[in-house]
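Trainee: 3D model of this:
(one chain, ligands or ions: 5)
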Amino acid sequence: MKHPLIDQLVDRVDDALVNYFRDKDLTCHPLDRAMEYSVLAGGKRMRPLLTLVACYELGGSLDEAIAFSLAPELLHTYSLIHDDLPSMDDDDMRRGKPTNHKVFGEANAILAGDALQTEAIQIIASAPHSHLDDEKRITMIKELCLASGRRGMVAGQVMDMEAAGKEMDVDRLVKLHQRKTGALIRYSVRLGAMLGNADESQLLDLTAYGQSLGLLFQVVDDLLDVEGDSGLLGKTAGKDVDQNKATFPKLIGLEASRKFADGLLDEALQALTRLPQQEKLLGSLANYVRHREY
Ligand code: IPE
Ligand code: IPE
Ligand code: MG
Ligand code: MG
Ligand code: MG
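Mentor: Ligands and ions are numbered 1, 2, ... in the order given. So this is what the prediction gives:
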């Protein structure tokens, strides 16, 4: 993304993640090496960016938000490691490198994912903050669990597996995508909104933005599986077709999927109109999500 502040934030997140794994008591243990391998392999850092930018646009402190923003990224990385397992999507490449289980073995990959998930919760529970009250912190933890567990991402992953090769309607596919990918993206925005001390109407608007953006993110991921390039994506293109996955291009075709994505971008931008936006970064992020090439 070509905005200097966004580039700077990605660097700050990357630095914070490197520091996170610098705990000398833990290094060299195979579990920590497996966790670090996938987290530090790269990635767009979209979820922490959303947390940070939502917080920033509301006038919140970026310095204090950085540590919190790592939580959705660690949780997301766990989901990628598990998503790639032979029993799930059976992928060989992720973030431009061999998948976690290819390097560390299946058992370590599963356990690295497990530990990344609990680390995420631990971060929200304990990251220092000058004025965050405990009630809000508990809400943040509760929402992270809701977004990622049996009502969110994990449910979406089960729906995704069940749906492969089966008949599907658009409403159900929307629900699947909202769960497997949308819920954590929506959460990442809400986390930033809470850190930025959003009032009730700002929280509602940012939630609407996060909801549209989360669905948009997965629709574009579906499109990139068809139109993208494995080298650029850092993961194997064409997997969804191979595995007969339920995707938007499969269900409604490429052209209609692009239009659907454009409509979701408009919805996301519409949700921002009443919000204070010094730098219009949330709009830039939404445009990026729609037009990204990886
Ligand atoms: C890929 O997520 C998996 C989905 C939830 C669609 P990203 O496209 O955000 O992957 P990274 O974090 O940049 O590697
Ligand atoms: C991934 O969906 C969703 C989660 C990891 C929760 P995909 O299976 O489409 O993601 P990619 O394409 O492998 O990144
Ligand atoms: Mg999958
Ligand atoms: Mg996959
Ligand atoms: Mg995909």
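
Trainee: show me where the stretch 1-150 of the chain has helices.
Mentor: 4-20, 30-39, 46-57, 62-83, 100-104, 106-126, 134-148 (DSSP state H, counting those that start in this stretch).

Trainee: right, and the helix or strand after the top helix by length along the chain?
Mentor: Criterion DSSP state H: the longest helix present in the chain is helix 200-227. The C-terminal neighbour of helix 200-227 among helices and strands, as given by DSSP states H and E, is helix 230-233.

Trainee: quick one on the thing from earlier: any idea how far the longest helix of the chain is from the chain center?
Mentor: 10 Å (CA atoms, centre = their mean, to the nearest Å).

Trainee: now for that helix, which elements pack on it?
Mentor: Contacts defined by 3 or more CB pairs under 8 Å, 6 or more residues apart in numbering; DSSP states H and E place helix 200-227 against helix 46-57, helix 170-177, helix 183-195, helix 239-242, helix 248-252, helix 254-270, helix 281-291. Heads up, the C-betas are built off the backbone N, CA and C, glycines and all.

Trainee: Let's see that with 10 Å instead.
Mentor: Helix 200-227 sits against helix 46-57, helix 170-177, helix 183-195, helix 230-233, helix 239-242, helix 248-252, helix 254-270, helix 281-291, with contacts defined as 3 or more CB pairs under 10 Å, 6 or more residues apart in numbering; DSSP states H and E.

Trainee: Indicate which one of these is closest to ligand 1.
Mentor: Nearest to ligand 1 among the helices and strands packed on helix 200-227 is helix 46-57 (4.8 Å), distances taken as CB to the nearest ligand atom.

Trainee: and the helices of the stretch 1-150 of the chain, which is most packed in?
Mentor: Sort the helices of the stretch 1-150 of the chain by mean neighbour count, taking mean count of other CB atoms under 10 Å, and helix 46-57 sits at the top with a mean of 27.

Trainee: I'd like the average pLDDT over that helix.
Mentor: The predicted model gives helix 46-57 an average pLDDT of 97.

Trainee: Alongside ligand 1, which residues does the stretch 101-250 of the chain contribute?
Mentor: Within the stretch 101-250 of the chain, the positions lying close to ligand 1 (CB under 6 Å from any ligand atom) are 181, 218, 221.

Trainee: Could you rerun that using 5 Å?
Mentor: Counting by CB under 5 Å from any ligand atom, the residues of the stretch 101-250 of the chain close to ligand 1 are 181, 221.

Trainee: Indicate the residue of the stretch 101-250 of the chain located nearest to ligand 2.
Mentor: Closest approach between the stretch 101-250 of the chain and ligand 2, counting by CB to the nearest ligand atom: residue 180, at 4.5 Å.

Trainee: CA-only coordinates of stretch 88-97, as CSV, when you get a sec.
Mentor: C-alpha atoms of stretch 88-97 as CSV (Å, rounded to 0.1, in the frame of the first residue of the first chain):
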residue,chain,number,x,y,z
MET,A,88,-7.8,-29.6,5.7
ASP,A,89,-6.7,-27.8,2.5
ASP,A,90,-3.5,-29.8,2.3
ASP,A,91,-1.3,-27.0,1.1
ASP,A,92,2.4,-27.0,0.5
MET,A,93,3.1,-23.3,0.4
ARG,A,94,2.2,-20.4,2.6
ARG,A,95,3.5,-16.8,2.8
GLY,A,96,6.1,-17.8,0.2
LYS,A,97,7.5,-20.7,2.2
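
Trainee: Nearest to ligand 1: which residue in the protein?
Mentor: Nearest residue of the chain to ligand 1 (CB to the nearest ligand atom) works out as residue 43 at 3.2 Å.

Trainee: one step back: now render the helices of the stretch 1-150 of the chain as JSON lines, adding distance to ligand 4.
Mentor: JSON lines is the format used below for these (distance: least, CB to the ion, whole Å):
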{"stretch": "helix 4-20", "distance to ligand 4": "22"}
{"stretch": "helix 30-39", "distance to ligand 4": "14"}
{"stretch": "helix 46-57", "distance to ligand 4": "16"}
{"stretch": "helix 62-83", "distance to ligand 4": "4"}
{"stretch": "helix 100-104", "distance to ligand 4": "13"}
{"stretch": "helix 106-126", "distance to ligand 4": "13"}
{"stretch": "helix 134-148", "distance to ligand 4": "16"}
